[in-house]
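just coords:
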Ligand SMILES: NC(=O)N[C@H]1NC(=O)NC1=O
Ligand SMILES: [Zn+2]
Ligand SMILES: [Zn+2]
């Protein structure tokens, strides 16, 4: 018995009337053998129970789609596994239809800022993964001017680098100022980023002088106190970052280097600047997160720190503008920025927004939450799939093997029912280590029926495979 899968067979067909392929949504049978998609054949009705002795799983009208790839997750292990960890994090991912994720270099201790520390991560992840997991390396002042350390970190397989332009909330992951990033980019864009073809991811927010201190007299239980402490926190950081990235355009001095802006919340000035940069050919990409598309400051109650994150969730008007940007194909991908903490660090009793941990717990819910928030805005299944699978696979450079359903690629699949709703109540199993989440109590559309990682049914209808058989996703070294 193969305990990696709830369906211990290597070779099988999936049938569904809604298979999401790069060529559109078709009624088809998908043949899977030895972890790979072998063929996708259009057919209107399910074949019989077997084809030449090979079993057929008939999923009827459920959607068969590439598994989600969440390129922005904090699993916090080693060092802070009491916050989340590889086991609970990847179980939640599997339950939510996420077949690969990329772990952030911070909130774990130590942070992932060198080859040795990445190896420590890899050792710590071994035999705990229910889905496939890659790793971003950290760019911090200490290594930003050390090309040898960065080269080794990428050579060991970090999928790219990530840095913060504001305090990260974690003392051992210090911020890189615009100045640091400028120097780093001048020195390393070609020999490090372009050499490996890997992106620099940036948390693009800047603290505004005087703003924080002007908040001290305000009521910390009001969401507005948090929101107004970071009013235009993204714009100035993005302006500086785009200035640094100007030579990434074709023919530019830094051609081949890529910059990615994580978790955009500001739908005004920041979007205009990024649009302009893209139009000028700069090699920049951008993500937003489900919580910015699902929630707005208008509906956050006093003291409800489950919603505290940075950049902050902004107004309802801003949320609508983010959806317009989704509809205009402005975003390259969506992510969770799952950044949980022990519940007491969210200060649920005091409800103090200024002192509570900033980070939202969401990994298990991003598929139904994105879909539910998107329905009134005309979100299509194909767009959802592109934003949650193709886009992140391209960012992480794993699109040759993942991120779409095509013959030859990994059979990473989520089977789900967009029309079926469920309530996240006390009867619903949350696999995150800590159950505090702003999605609690919500009714969401989009029940996950099965999650398949490289041909293995790792999750089906509330149950996980008994053995974690996820792989680490290491970038190929250039040598
Ligand atoms: N350290 C950390 O995970 N910070 C994350 N949390 C959040 O809300 N935004 C972040 O960048
Ligand atoms: Zn961030
Ligand atoms: Zn993050």
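Cool, got the structure. None of the values given here were measured: they were computed from a predicted structure. Ligands and ions are numbered 1, 2, ... in the order given.

what about the closest residue to ligand 1 within the stretch 151-300 of the chain, distance to residue 13?
Closest to ligand 1 within the stretch 151-300 of the chain is residue 169: 4.1 Å, counting by Cβ to the nearest ligand atom. Any C-beta I mention is one placed from the backbone N, CA and C, and that applies to glycine too. Distance of residue 169 to residue 13, given as Cβ to Cβ, to the nearest Å: 47 Å.

Please say which of those two ends up with more neighbours.
Neighbours per residue (other Cβ atoms under 10 Å) separate residue 169 from residue 13, with residue 13 holding more: 23 against 15.

Up against ligand 1, what does the chain have?
Taking Cβ under 6 Å from any ligand atom, the part of the chain that reaches ligand 1 is made up of 74, 106-107, 168-170, 203, 309-310, 337, 339, 358-359.

mind redoing it with 5 Å?
Residues of the chain lying close to ligand 1 (Cβ under 5 Å from any ligand atom) are 74, 107, 168, 169, 309, 310, 339, 358, 359.

how about JSON lines for the residues you listed, with pLDDT added?
JSON lines is the format used below for the residues of the chain next to ligand 1 (pLDDT from 0 to 100):
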{"residue": "74", "pLDDT": "98"}
{"residue": "107", "pLDDT": "97"}
{"residue": "168", "pLDDT": "97"}
{"residue": "169", "pLDDT": "94"}
{"residue": "309", "pLDDT": "98"}
{"residue": "310", "pLDDT": "98"}
{"residue": "339", "pLDDT": "98"}
{"residue": "358", "pLDDT": "98"}
{"residue": "359", "pLDDT": "98"}
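
Just the ones of those in strands?
The subset of the residues of the chain next to ligand 1 located in strands under the criterion DSSP state E is empty.

Show me the strands in the stretch 1-150 of the chain, by range?
11-21, 24-33, 36-42, 50-51, 54-58, 63-66, 68-73, 98-103, 132-135, 137-138 (DSSP state E, counting those that start in this stretch).

so what does the longest one touch, helix or strand wise?
In this case it means strand 11-21. Here strand 11-21 touches strand 24-33, strand 54-58, strand 63-66, helix 381-385, strand 413-423, going by 3 or more Cβ pairs under 8 Å, 6 or more residues apart in numbering; DSSP states H and E.

who touches residue 271 in this structure?
When contacts are counted by Cβ atoms under 8 Å, 6 or more residues apart in numbering, residue 271 touches 264, 321, 325, 330.

how much space between it and residue 453?
34 Å.

Would you map the strands across the stretch 201-350 of the chain?
Along the stretch 201-350 of the chain, counting by DSSP E, counting those that start in this stretch, strands occupy 258-261, 284-289, 333-335.

hey, which of those is tucked in deepest?
Among those, the stretch with the highest mean neighbour count (mean count of other Cβ atoms under 10 Å) is strand 333-335, at a mean of 26.

what comes into contact with that one?
So strand 333-335 is contacted by 70-73, 262-263, 285, 287-290, 293, 366, 370, 387-388, 391-392, 394-395 (Cβ under 8 Å, 6+ apart).

partners of it in the sheet?
strand 284-289 (parallel) (DSSP bridges).

what distance separates the partner strand from the centre of its chain?
10 Å (Cα atoms, centre = their mean, to the nearest Å).

tally of neighbours for residue 301?
11.

rewinding a little: can I get the strands of the stretch 1-150 of the chain in CSV including distance to residue 245 and mean pLDDT?
Below are those laid out as CSV (distance: least, Cβ to Cβ, whole Å; pLDDT from 0 to 100):
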stretch, distance to residue 245, mean pLDDT
strand 11-21, 32, 98
strand 24-33, 34, 98
strand 36-42, 36, 97
strand 50-51, 51, 88
strand 54-58, 46, 96
strand 63-66, 29, 98
strand 68-73, 19, 99
strand 98-103, 21, 99
strand 132-135, 23, 98
strand 137-138, 19, 98
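
And the ones you listed: which comes nearest residue 436?
Closest approach to residue 436 among the strands of the stretch 1-150 of the chain is made by strand 68-73 (17.0 Å; Cβ to Cβ).

Next one: the residue of the stretch 151-300 of the chain closest to ligand 1 relative to residue 345, how far apart?
10 Å.

Overlap of the contact sets of the two?
residue 357.

Can you name the residues that contact the residue of the stretch 351-479 of the chain found nearest ligand 1?
Nearest to ligand 1, among the residues of the stretch 351-479 of the chain, is residue 359, at 3.6 Å (Cβ to the nearest ligand atom). Contacts for residue 359 were tallied using Cβ under 8 Å, 6+ apart; they are 74, 169, 308, 309, 337, 339, 340, 341.

Tell me what the closest residue in space to the fourth one that isn't next to it in sequence is bridged to.
Once flanking residues are discounted, residue 309 sits nearest to residue 360: 4.7 Å by Cβ to Cβ, 6 or more residues apart in numbering. Taking DSSP bridges, one finds residue 338 as the beta-bridge partners of residue 360.

Can you report how many residues lie near residue 360?
26.

surely it meets residue 346?
No. Using Cβ atoms under 8 Å, residue 360 is not in contact with residue 346; the gap is 9.8 Å.

List the residues that are in contact with both of those two.
Joint contacts of residue 360 and residue 346 (Cβ under 8 Å, 6+ apart) are 306, 308.

For the chain, which residue gets nearest to ligand 1?
Across the chain, no residue is closer to ligand 1 than residue 309, which sits at 3.2 Å (Cβ to the nearest ligand atom).

wouldn't that residue be in contact with residue 361 here?
No. Taking contacts as Cβ under 8 Å, residue 309 lies outside contact range of residue 361: 10.0 Å.

Compare neighbour counts for these two and give me the winner.
Between residue 309 and residue 361, counted using other Cβ under 10 Å, the more crowded position is residue 361 (29 against 23).

Parallel or antiparallel, which strands does the helix-or-strand element of the chain with minimal mean pLDDT pair with?
Ranked by mean pLDDT, DSSP states H and E, the weakest helix or strand in the chain is strand 50-51, scoring a mean of 88. In the sheet, strand 50-51 lines up against strand 54-58 (antiparallel) (DSSP bridges).

How about the strand it pairs with, which residues are buried there?
56, 57, 58 (16 or more other Cβ atoms under 10 Å).

pLDDT weak spots in this structure?
Within the chain, the ranges that satisfy pLDDT under 70 run 1, 478-479.

those helices in it, which residues are they?
Taking DSSP state H, the helices of the chain run over residues 86-95, 115-125, 141-144, 147-155, 178-188, 195-196, 223-227, 233-244, 269-279, 290-294, 316-327, 366-374, 381-385, 391-395.
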